[in-house]
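In: Coordinates for the following, if possible.
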Amino acid sequence: MKTHVFRLNHPKLKSVSLWIMVMLSILILTTRLMTPTWRNINWLSPISWDVFGYYLYLPATFIYHDLGIKNFSWVQHILNQYSPTIGFYQAYMGPAGDYVMKYPIGLSILYSPLFLIGHFFAYTLGYQADGFSLPYQIAISIGSVIYTWIGLWYFRKVLLRFFSDPVAAVTLLIIVLGTNFFELTTLDNAMPHNYLFTIFAIILYLTIKWHENPHFKYAIPLGILCGLAILIRPTSGIIIIVPLLWDLWSKKGFLKKINLIRNYYGQVLCMMSLIAMVVGIQLLYWKIHAGSWLYYSYEKGEELVWIAPYLSEVLFSYKKGWLVYTPVMSFALIGFLLMAYQWAFHKNRLKPDNSLEPTTRIFIWRNTFLPFFLFFIFHLIIVASWPTWWYGGSFGQRTMLESYVILAIPMGIFISYLFEWNKIFRLPLIIIIIFLVILNLFQTWQYFNIIIDPYRMTKPYYWKIFGKNSVTHQDKFYLEPLEKADDREGLPKSDHFSATVLAYYNFENADPSNVSAFCTDTVHTGKFSMRLNRRNEYSPGISIPYNQLSQQDFAWVQACGYVYFRCKPEETGIALVITCMKKGIAYKYRLISLDKENLKPNEWNQVCMDYMIPYLEDPSDIVQAYFWCRGNQEALVDDIEIKLFEFP
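Out: Numbers count the residues shown, from 1 in each chain. Next up, the predicted model:
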């Protein structure tokens, strides 16, 4: 019986990818115009948070003529008037006395034409020419769409070097509509990932062209763009792996590469020199304003933790897991397996030709497996080695966007094979892909409407709002709590919680070797209570690894106890503390200071705190709860009970 396959080589389908690209470009612009965040005069505006830091070079240089921020008053004025950030973390005082920008200068270079357009319209239309008024916000937002268009143009050109036009079109649709690409090129399009996608697409295109026809017209922009990628995010320098290892698939390919470099060493030196020159812009800035050629501009403790300790969280967590929020990219990983198979077992069986049939493209796919796969692995390792692995507010893993230029190739390979398979296998997979694209678009809409939270997602909350077009107050209880030491949380009212007593202290078994720590004449129940004072600051409590408490993604701890004091209420130095600890460092630290609780002296007062254990990077992190005497006045504590609440 003959097996029928689906062929994508009809003459009428020769330009479908171009029309798809145009329609997607119009859709991206329309969506950006329909979400006018530039109307916000706060930290929701386009030039806010990290973008504010990447952009700050421009007004500092061209408007305030103070790149070292020696006069902080103009920055303070911007912070007061536009509120682009909560807390100024975008620059720190350096050893030379100047403020040093936290983020590299590369993105400001790409912003600069948009900044100048905004500056022109600010003057022309009578807005404040301060770098942050409405014309600047609109220029950055719409200009970022233009960069996206450029990226899509070159992205399509790259896809057409690997696939037939229809396969390229399908791959375009999946990458743009089936991933967080759409969100990151519309709502958050001023972030570096949008720009890096464009740079990576052009680098890949120039890599192909240079290896086909070595010429300075390809070598010069290739060197500049590789340098610019490093200048935007130093870790993006791994894109150099692609041109470096291009066509390096065997001993024969290695010798061919050596000969290519030897024959065109002038162009290779030109590329290397241009990379060094572009990166040198950042080094010069550091030398002038930090006093040294090399300077680490991030805060102490903000550094990569080798090697990929947060890999499972980056891939699978409900907080920001890449494959949780972009599951369609699983098929790109399958595409890598198909490439690896061809690379390992078909090295000498096929030769290249000009056909657009998928089976005759195997030669090209095989030769590019090594650089693409190594880039992906190194990129993933870097992403999973950053302690703040969720990378702030975003829809899914925003740091994966630029890698889609590379991952689109194994994705396209999977699509090519898919249309060659028997329809028994093909149709279910097509249905799954369509469903995942629709799911991504719906969840993008949820993110736009803050149903999917940019920061605080958890597994229970994800499934609470799955498929919903609204969120209830009860649903929000399942979000990670906000980070403020004096925040008060309330245990959600639910019949589904199971409660476990973790610890109970009534001090009836008082330690005879430490009699001074206990009191017998004033007790809440029983015969003993505990004294808290400068010599005995901490009560007993819990200090237990979370994975010994619960196997759930999150749970609640409730600590209650009775406190007695004789001093004035405002002089009470007692606090109830619950916190998580990682390697001796507290995070999500919560403290109830009892001097603010309107307690009554000379009687027993019950004090309770509810605490939602946040998403833990490491389930072995310690959860602690205890009473703490911070002042000079003595107090008594008794009947301390600590419970765990979780969903079974």
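
In: Walking through the stretch 151-300 of the chain, point out its helices one by one.
Out: 165-177, 181-184, 192-212, 216-232, 241-245, 251-263, 265-289 (DSSP state H, counting those that start in this stretch).

In: correction: the stretch 401-550 of the chain
Out: Under DSSP H, counting those that start in this stretch, the stretch 401-550 of the chain gives helices at 404-418, 423-448, 459-464, 473-476, 546-549.

In: Could you list the buried residues of the longest one?
Out: Of the residues in helix 423-448, 426, 430, 433, 436-437, 439-440, 442-444, 446-448 count as buried by neighbour count, 16 or more other CB atoms under 10 Å. Any C-beta I mention is one placed from the backbone N, CA and C, and that applies to glycine too.

In: And for the fourth one?
Out: By neighbour count on 16+ other CB under 10 Å, the buried set for helix 473-476 is residue 475.

In: which residues are contacting that helix?
Out: 461, 464, 465, 492 (CB atoms under 8 Å, 6 or more residues apart in numbering).

In: same thing but 10 Å
Out: 451, 453, 456, 460, 461, 464, 465, 468, 492, 493, 494 (CB atoms under 10 Å, 6 or more residues apart in numbering).

In: And the fifth one, how far from residue 493?
Out: What that stands for is residue 461. Residue 461 is 16 Å from residue 493, where distance means CB to CB, to the nearest Å.

In: Neighbour count: these two, which is higher?
Out: residue 461 (24 against 8; other CB atoms under 10 Å).

In: In contact with that one, which residues?
Out: Neighbour list for residue 461: 318-319, 451-453, 471, 475-480, 553-554 [criterion: CB under 10 Å, 6+ apart].

In: What subset of those residues is buried?
Out: Buried among those by 16+ other CB under 10 Å: 318-319, 451-453, 471, 475, 477-480, 553-554.

In: If I follow the layout properly, residue 509 ends up in contact with residue 528?
Out: Yes. Taking contacts as CB atoms under 10 Å, residue 509 lies within contact range of residue 528: 8.4 Å.

In: ok, so of the buried ones among the contacts of residue 461, who is nearest residue 146?
Out: Closest approach to residue 146 among the buried ones among the contacts of residue 461 (CB to CB): residue 452, at 27.6 Å.

In: tell me the contacts of the closest one?
Out: Counted by CB under 10 Å, 6+ apart, residue 452 has contacts 183, 325, 395-396, 442-446, 461-462, 465-466, 471.

In: a helix runs through residue 103, doesn't it?
Out: No. Using DSSP: H, G, I helix; E, B strand; the rest coil, the assignment for residue 103 is coil, not a helix.

In: So what would you say the end-to-end distance of stretch 204-220 is?
Out: 14 Å (CA to CA, to the nearest Å).

In: how much space between the residue most central in space within the chain and residue 454?
Out: Nearest to the geometric centre of the chain sits residue 391, at 2.9 Å (CA atoms, centre = their mean). Going from residue 391 to residue 454 by CB to CB gives 11 Å.

In: Same check on residue 374?
Out: From residue 374 across to residue 454, the span is 32 Å (CB to CB).

In: who touches the closest residue in space to residue 268 that isn't next to it in sequence in this structure?
Out: In space, and not counting its chain neighbours, residue 268 is closest to residue 261: 5.4 Å by CB to CB, 6 or more residues apart in numbering. For residue 261, the contact set (CB under 10 Å, 6+ apart) comprises 214, 267, 268, 269.

In: Just among those residues, which is most surrounded?
Out: Greatest neighbour count in the contacts of residue 261, by other CB under 10 Å, goes to residue 267: 21 neighbours.

In: and it, what is it in contact with?
Out: 210, 214, 215, 216, 217, 218, 219, 220, 222, 223, 260, 261.

In: again with residue 641
Out: Neighbours of residue 641 in contact, by CB under 10 Å, 6+ apart: 501, 502, 503, 504, 505, 506, 558, 559, 560, 561, 562, 608.

In: so which strand or helix has the residue nearest to the first one when sequence neighbours are not counted?
Out: What that stands for is residue 501. Leaving aside its sequence neighbours, residue 501 sits nearest to residue 643 (CB to CB, 6+ apart; 5.5 Å). Using DSSP states H and E, residue 643 sits in strand 635-646.

In: CA atoms only for that strand, dumped as PDB, please.
Out: Presented in PDB, the C-alpha positions along strand 635-646 are these (Å, rounded to 0.1, in the frame of the first residue of the first chain):
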ATOM      1  CA  ALA A 635       9.100  40.100  78.200                       C
ATOM      2  CA  LEU A 636       7.700  36.700  78.800                       C
ATOM      3  CA  VAL A 637       6.500  34.200  76.100                       C
ATOM      4  CA  ASP A 638       4.400  31.100  76.500                       C
ATOM      5  CA  ASP A 639       2.400  28.500  74.600                       C
ATOM      6  CA  ILE A 640       4.200  29.000  71.300                       C
ATOM      7  CA  GLU A 641       2.500  27.000  68.500                       C
ATOM      8  CA  ILE A 642       3.700  26.800  64.900                       C
ATOM      9  CA  LYS A 643       1.600  25.100  62.200                       C
ATOM     10  CA  LEU A 644       1.900  24.300  58.600                       C
ATOM     11  CA  PHE A 645      -1.000  24.600  56.200                       C
ATOM     12  CA  GLU A 646      -0.900  23.100  52.800                       C
END
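
In: Could I get the buried residues of helix 423-448 in JSON lines, plus columns for distance to residue 123?
Out: What follows is the buried residues of helix 423-448, written out as JSON lines (distance: CB to CB, whole Å):
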{"residue": "426", "distance to residue 123": "59"}
{"residue": "430", "distance to residue 123": "54"}
{"residue": "433", "distance to residue 123": "50"}
{"residue": "436", "distance to residue 123": "48"}
{"residue": "437", "distance to residue 123": "44"}
{"residue": "439", "distance to residue 123": "46"}
{"residue": "440", "distance to residue 123": "42"}
{"residue": "442", "distance to residue 123": "43"}
{"residue": "443", "distance to residue 123": "42"}
{"residue": "444", "distance to residue 123": "37"}
{"residue": "446", "distance to residue 123": "40"}
{"residue": "447", "distance to residue 123": "36"}
{"residue": "448", "distance to residue 123": "33"}
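
In: Relative to residue 425, how far out is the residue lying farthest from the centre of the chain?
Out: Relative to the centre of the chain, and counting by CA atoms, centre = their mean, the farthest-placed residue is residue 521 at 56.7 Å. Applying CB to CB, the value for residue 521 to residue 425 is 81 Å.

In: and if you look at residue 537?
Out: From residue 537 across to residue 425, the span is 67 Å (CB to CB).

In: and if you look at residue 102?
Out: From residue 102 to residue 425 the distance is 50 Å (CB to CB).

In: For residue 60, give me the pLDDT.
Out: Residue 60 is assigned 98 on the pLDDT scale.
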